[in-house]
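**Student:** what shape does this take:
(one chain, ligands or ions: 2)
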Amino acid sequence: MEPVLKIVDVEKSFGDFRAVTGVNLEIGRGEFLAIMGSSGSGKSTLLRMIAGLEAPTKGDILLNGRSTRGLAPHERDTPMVWQSLALFPFLNVVENVEFGLKMRGVPAAERRRRALSWLERLEIGRFADRAIDELSGGQRQRVALARALVTEPPVLLLDEPLSALDAHLSVRMQAVLTNLQRELGITFIYVTHSHSEAFAMADRVVIMSEGRVEQIGAPKEIYLRPSTRFVAEFLGSNNIFTGRPEKGADGGGYLRTGDGLLKLPADADPALFDGEVDLIVSADRIVLGGPSQANSLPCRLIGEEFVGASVNLYLETEGGRDLVVQMPQRQLDGLSLQRGAAIGASWSDADGHVIRATS
Ligand code: ADP
Ligand code: MG
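**Tutor:** Ligands and ions are numbered 1, 2, ... in the order given. Below you'll find the model as predicted:
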């Protein structure tokens, strides 16, 4: 099926600064795509180009197979919801929602009816006549969504829409958004800095760095198989060992490190073995004090950090490198570890992931 949106070699420069460069993406009808990346990586600029608020310096953006070059925002049906919401303070709730229909010349009675039905759908029908400044943050969020959806666009662009909400409300709005997206079959392109939002909601995740797409894939694929060191570090809680692979007596690949030889996964690409590689081991794949697995390093406990129901343990290996291990809090209780205590950390070679080392 034809992608609803096709981004072809898109670049955006401000003066001689390239904010977005070499971006190629195809986004399917009804897909939920999340875009992540550090601050300044070009996420908003990319979204603004899709919305028609900025023109690409190079390349093109096709909507339903047609170039959007020269099309104003209201001519392309790709509305945007911002963190700041940008509601009109001088219009009440229902007038805000009607606005897009008014711009399109929809008659008054019909636009009122359609706006009210969207307010009902988002469970804020009773606030139709309120002023915007009489609403809570979550209610305003719903008004902004209704305003964007009232024209029933094929694509909705969302730029960190939940980041101003508290954690509880944000989780509730995540559910509202995913349900709406499934029901309506609208394509969502959702910029967020929150890993949990992106990984919970999206069909595919794009990771951007310095204006480029570093990786695009299903959440699980990105999590299990980061394709670059940037992605592995961006996701956090990954351990990265760098070195030159060699063949062991058993025919398998090994990495020589300051902590001895580490066994590489059997599916590591042999084509990478002619140079340095990064071996990536996710913090939640390492077991402490358990039966020894293929890779086992004697360590000391340096510190711990509680992150909700799980805990990050910071260790130092005998070779002097840092290691982070993540486990559920309950599991830590069973270990009764003292700071400075010696403990073995081990993982199965199959849980490692090997990429070519960069610089
Ligand atoms: P993100 O949303 O990923 O944080 P942005 O797309 O907002 O990043 O910005 C990417 C880069 O482009 C940043 O360095 C930003 O300062 C720059 N930039 C964005 N808009 C403009 C503009 N209108 N003029 C000059 N530089 C800009
Ligand atoms: Mg931004």
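**Student:** residue 245 and residue 277 touch, don't they?
**Tutor:** Yes: taking contacts as C-beta atoms under 8 Å, residue 245 lies within contact range of residue 277: 5.6 Å. In this view, the C-beta of every residue, glycine as well, is placed from N, C-alpha and C.
**Student:** intersection of neighbour lists for those two?
**Tutor:** In terms of C-beta atoms under 8 Å, 6 or more residues apart in numbering, residue 245 and residue 277 are both contacted by the residues 255, 264, 268, 354.
**Student:** from these, which is closest to ligand 1?
**Tutor:** Closest approach between those and ligand 1, by C-beta to the nearest ligand atom: residue 354, at 29.2 Å.
**Student:** tell me what that closest one is bridged to.
**Tutor:** Taking DSSP bridges, one obtains residue 279 as the residues bridged to residue 354.
**Student:** how near is it to residue 241?
**Tutor:** According to C-beta to C-beta, to the nearest Å, residue 354 and residue 241 sit 10 Å apart.
**Student:** what's the overlap in contacts for these two?
**Tutor:** By C-beta under 8 Å, 6+ apart, residue 354 and residue 241 have these common neighbours: 278, 279.
**Student:** packing partners of the longest strand along the chain?
**Tutor:** Taking DSSP state E as the criterion, the chain has its longest strand at strand 295-307. With contacts defined as 3 or more C-beta pairs under 8 Å, 6 or more residues apart in numbering; DSSP states H and E, the packing partners of strand 295-307 are strand 260-263, strand 310-317, strand 322-328, strand 342-347.
**Student:** so for residue 148, which of the ones you listed sits nearest?
**Tutor:** Relative to residue 148, the nearest member of these by C-beta to C-beta is strand 310-317, separated by 35.5 Å.
**Student:** near whichever residue of the stretch 51-200 of the chain sits closest to ligand 1, how many other residues are there?
**Tutor:** As assessed by C-beta to the nearest ligand atom, ligand 1 sits closest to residue 191 within the stretch 51-200 of the chain, at 6.6 Å. Residue 191: 25 surrounding residues under other C-beta atoms under 10 Å.
**Student:** residue 263 contacts residue 252, correct?
**Tutor:** Yes: assessed by C-beta under 8 Å, residue 263 is found in contact with residue 252 at 6.1 Å.
**Student:** between the two, what contacts are shared?
**Tutor:** residue 349.
**Student:** tell me which of these two has more neighbours.
**Tutor:** The neighbour comparison of residue 263 against residue 252 (other C-beta under 10 Å) goes to residue 263, with 22 against 15.
**Student:** and the nearest residue to that one once chain neighbours are set aside, how far from residue 285?
**Tutor:** In space, and not counting its chain neighbours, residue 263 is closest to residue 349: 3.9 Å by C-beta to C-beta, 6 or more residues apart in numbering. Plainly put, residue 349 is 11 Å away from residue 285 if you go by C-beta to C-beta.
**Student:** same thing with residue 167?
**Tutor:** Distance, residue 167 to residue 285, using C-beta to C-beta: 27 Å.
**Student:** more crowded one of the two?
**Tutor:** The residue with more neighbours, out of residue 167 and residue 285, is residue 285; 19 against 9, by other C-beta under 10 Å.
**Student:** what sits against that one?
**Tutor:** Residue 285 neighbours (C-beta under 8 Å, 6+ apart): 347, 348, 351.
**Student:** swap in 10 Å and give it another go.
**Tutor:** 224, 238, 239, 293, 325, 326, 347, 348, 350, 351, 352, 353 (C-beta atoms under 10 Å, 6 or more residues apart in numbering).
**Student:** wait, doesn't residue 89 sit right on residue 96?
**Tutor:** Yes: at 9.3 Å, residue 89 counts as touching residue 96 under the criterion of C-beta atoms under 10 Å.
**Student:** flag every residue of this protein that's near ligand 1.
**Tutor:** Counting by C-beta under 6 Å from any ligand atom, the residues of the chain lying close to ligand 1 are 14, 19, 37, 39, 40, 41, 42, 43, 44, 45.
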